[in-house]
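1. next one to model:
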Amino acid sequence: MGECSEELTPDAITATIQAVEVQKEPLPTVSYLSASMSVAVADETVTASVSPIPNDQLREAQKSDPTIHPVLEIKLSGSRPPCKELKTFSSKTKCLFREWDKLTIDSNGILYRTTPAHKQLVLLEQYKGNVLNELHN
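-> Numbering: from 1, shown residues only. The predicted model follows:
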C-alpha cells in the first residue's frame, strides 16, 4: 500500500475540495470565438456563425462582474494574491485564481485563459445563454 499512496499538502487537499464543490456550479469560463463554419452534408452546405460581442462591451462587463472583477484587478496589479486573501473570495473566483498562470489580459483590457492550443475568453454569466444558444441552434 505504501507504494501506491502519496502524502498531499493541505493546500492540495483544499484545492481539490474546492474544485469538486465548484463542479456543482456553472463554470466561469467558456471558449467563445467569433467564427463562421461550413459543413457539407450530402451535397448540402450549412453555415453557422457566432456573433461577436464588442470588445468595449466585454471589457466593461468583465469589470462589473463580481466573479471576474477581483481577478482582473489583481492581475492588472501584476502580483499574485497571498493565500489568506484568496480565502475571502467566492468559490467561482477562487477557481479563476487557480488558473493564474494561464490568465492574460489582452491589449483591449479583456481577460482570457490561454493554453498552448487555445485562447479562451473568461465569459460572464450574462453572455453564457447567448453563446450556448448560438452554438446549439
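2. okay, CA-based contacts and neighbour counts for the rest of this
-> Fine.
3. ok, which stretches of this structure are strands?
-> Using DSSP state E, the strands of the chain run over 36-41, 44-49, 103-105, 111-114, 119-121.
4. how close does residue 106 sit to residue 96?
-> 17 Å (C-alpha to C-alpha, to the nearest Å).
5. so these two - more neighbours on which side?
-> residue 96 (21 against 9; other C-alpha atoms under 10 Å).
6. lowest average pLDDT across the strands of the chain?
-> Ranked by mean pLDDT, the strands of the chain bottom out at strand 36-41, with a mean of 42.
7. for residue 64, report the pLDDT, please.
-> Value for residue 64, per-residue pLDDT: 93.
8. can you tell me how far it is from residue 72?
-> Residue 64 is 10 Å from residue 72, by C-alpha to C-alpha.
9. so which of the two has more stuff around it?
-> Neighbour count, other C-alpha under 10 Å: between residue 64 and residue 72, residue 72 has more, with 22 against 13.
10. leaving out the residues flanking it, which one is nearest to that one?
-> Among residues not flanking residue 72 along the chain, residue 111 sits closest, at 6.6 Å (C-alpha to C-alpha, 6 or more residues apart in numbering).
11. partner residues bridging the one you found?
-> Here residue 111 sits in beta bridges with residue 105, going by DSSP bridges.
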